[in-house]
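Visitor: Quick one: sequence and predicted model below, then my questions.
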Amino acid sequence: MTITKLITVAAAVLGVAPIGASAQIAGAKNPAKSVIARSDVRELPADQQIIQALNRLTFGPRPGDALKVRAIGLDKWIDQQLHPEKIDDSAIDRFVAGYPAINRDQDDLLAQYTQQQRERREVKRERADSTMTAADSMALRKQIQQLGNLTRQVVTQLQSSRVARAVASERQLQEVMTDFWENHFNIYAQKGGPEPYYLRDFDQSVVRPRALGKFRDLLEAVAQSPAMLFYLDNARSMADSTRPTLNARGGPGGVRLVPMRRGGLGTMRGAMRAAEQMQRQQQQQQQRPRQGLNENYGRELLELHTLGVDGGYTQQDVINVARAFTGWTIKPPAQGGGFIFRPQVHDAGEKIVLGHKLAAGRGMEDAEDVLDILAKSPATAHYISFKLARRFVSDSPSKALVDHASQVYLKTDGDIREVVRAIITSPEFFSQQAFRSKVKSPFEVVVSAMRALNAAPDSTPRSAQVIAFLGQPIFGHQAPNGWPETGEAWMNTGAILNRINFGMAVAAGRLPGVDIRSLPALDTIRSAPRDKQVDVVVATILNGMVSPDTRAVLVSGEHPLLANGAGGNAIQDMSPAEAVPDNAAMSGQEMADGANGRNGVRVRPNQNAGGKRAALQGRGFANIPQLSGLPQIVGLALGSPEFQRH
């Protein structure tokens, strides 16, 4: 078989073939009937049902997890994961408490940020003076460096803590759902300003505790989070000058004219004073930077957060939703940076949103009503159900499953827990078509490898760096649509080789917390025949299921994509400067640069690449020694199609 054909085969194996819809049940065109008529038959054998649940409801099984689930009972274990508040997670809580930057009081962080910004401005003003000395210039550089260091610490520790929780939390379904929602409500860490400090609260206080609660509660918490208000510019959205606003007490406001007295000179003088006052106000408004309505959040709230792009809204709905959210803003960093409603900039005029009239003269109630309308919409029920079914079942979930989940959403008033329960206990979830049909994202690849090898959580930035090198920097997606949610977006020839290289790097001990010698199942077979070693690795890492082609690669130790002609010995071909340094500390910006093609790194999804050039575009796994024996088998198993799917 030629190298080109082997690459094509590998891409096809790892890519996502369209998953055929499950057999449509009678009455599927009527969602209400489909809820009643659904079957509870599970196609997968009992052991495969456990593997399916561990692969989808966690970030991958750890050694011994399948036995624990079997002992508890699968359905009871699923119910436990659906109630994370009942699961003791104190061990990972203690671990995360060891991150100094993200565990500082947010007011303290923002106060330090404000002070450094102030000092930076002062030094810059002095620098503008021609008499600025070399010492002054050095002081400016020091201030900029200190601010950058503080921001970098917050970002890297937040990224590291996300990986650590995914690896070691006992509340695995909650972490899977946190990952889902933080991608659904995507926020980019490098927008600038105090955004990194707001993200800490977004992760810990907004999303994670509500990941399995009511969607309406989550939606409002996100809408009021400084991270989202800053990212989508709603913090500076205000009523246009032609619109009525409220006064500081929340009552009707706007321009106040001096009333004219009846008759005589007073009438003329009053009119003159009023005219002069209006002229001064107009001049002041002309001198200020142009401000007014910002539609960014209103548009993304409808298109990405609730209804979906085909949700039946119009451009006028976008405008009126944006008007409803005017005044939802953020306190200055020096005051703690929390959410605040400012009535004096809220558009108090009448609005029509999706056919619902919002009366004039109101304040926060406008946006609250919008959130109610959106959270209760059948279009939102369908959109959220579809995305959850795509996450848990297949890239192309059946209409019957989505309709069923949508009805559960509407019946339970948007109870995320019950919608997820309906999906993960469905016959579609336990079907042969769904089994190992999903391609892992880079985040899932790295975390599942760490869990498969029973790794300790990593307190350094290294694991998060590897995820970035594979193309998915945490909080590093610039656009609000989040990272791709289907497998084909992550797969090209270069990406496949990067994942194989990653597996070899892990087996070589290049990932913190991972030591294959510490696994009891592997420790006892170091001197065993290679066939025996392959059997144990397949049982330990691949759940005992492997294709004949993959087994042949594990036995021979020769992977076609690492052979000459498909990138040479691509792991060896990279220079030392391209390796992941042992003690590297990479900022969120550097991670984002890595995913977006800067700094010589190209690991972004959706690239068409081929051959040796594509193999060399993914950086970060250099100088890995030639592996043999058991480490080689483990590395190849981690890079296999069976491990890359879940």
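Guide: Received it, and whenever you're ready, just let me know what you need.
Visitor: What strand or helix carries the closest residue to residue 232 other than its chain neighbours?
Guide: Once flanking residues are discounted, residue 232 sits nearest to residue 297: 4.0 Å by Cβ to Cβ, 6 or more residues apart in numbering. To be clear about C-beta, it is placed using only N, CA and C from the backbone, and glycine gets the same treatment. Assigned by DSSP states H and E, residue 297 falls within helix 296-300.
Visitor: Return the set of buried residues in that helix.
Guide: Across helix 296-300, burial judged by 16 or more other Cβ atoms under 10 Å covers 297-300.
Visitor: which among those gets closest to residue 59?
Guide: residue 300 (27.4 Å; Cβ to Cβ).
Visitor: pretty sure that closest one is touching residue 233, no?
Guide: No - with contact defined as Cβ atoms under 8 Å, residue 300 does not reach residue 233; the gap is 10.3 Å.
Visitor: can you pull out the helices in the stretch 301-450 of the chain?
Guide: 315-324, 365-375, 378-392, 399-411, 416-424, 442-452 (DSSP state H, counting those that start in this stretch).
Visitor: got those helices as CSV, with mean neighbour count and mean pLDDT columns?
Guide: Formatted as CSV, those follow (neighbours: other Cβ atoms under 10 Å; pLDDT from 0 to 100):
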stretch, mean neighbour count, mean pLDDT
helix 315-324, 20, 98
helix 365-375, 20, 98
helix 378-392, 22, 98
helix 399-411, 23, 98
helix 416-424, 22, 98
helix 442-452, 26, 97
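Visitor: ok, back up a step: what lies in contact with the helix holding residue 297?
Guide: For helix 296-300, the surrounding residues in contact (Cβ atoms under 8 Å, 6 or more residues apart in numbering) are 223, 228-229, 232-234, 237, 318-322, 324-325, 480.
Visitor: rerun that using 7 Å as the cut-off
Guide: If you take Cβ atoms under 7 Å, 6 or more residues apart in numbering as the criterion, helix 296-300 is touched by 232-234, 318, 321-322, 325, 480.
Visitor: Surely residue 43 is in a helix?
Guide: No - counting by DSSP: H, G, I helix; E, B strand; the rest coil, residue 43 falls outside a helix, being coil.
Visitor: Tell me how many other residues surround it.
Guide: Using other Cβ atoms under 10 Å, residue 43 has 15 other residues around it.
Visitor: Same question for residue 85.
Guide: Residue 85 has 9 nearby residues by other Cβ under 10 Å.
Visitor: what's near enough to touch it?
Guide: Contacts of residue 85 (Cβ under 7 Å, 6+ apart): none.
Visitor: per-residue pLDDT, it?
Guide: With respect to pLDDT, residue 85 scores 97.
Visitor: Tell me the secondary structure at it.
Guide: Counting by three-state DSSP, the backbone at residue 85 sits in helix.
Visitor: Would you mind stating the distance between it and residue 466?
Guide: Residue 85 sits at a distance of 32 Å from residue 466 (criterion: Cβ to Cβ, to the nearest Å).
Visitor: The residue nearest to residue 450 when sequence neighbours are not counted: which element?
Guide: Spatial nearest neighbour of residue 450, excluding adjacent residues (Cβ to Cβ, 6+ apart): residue 167 at 4.9 Å. In this assignment (DSSP H and E), residue 167 forms part of helix 134-168.
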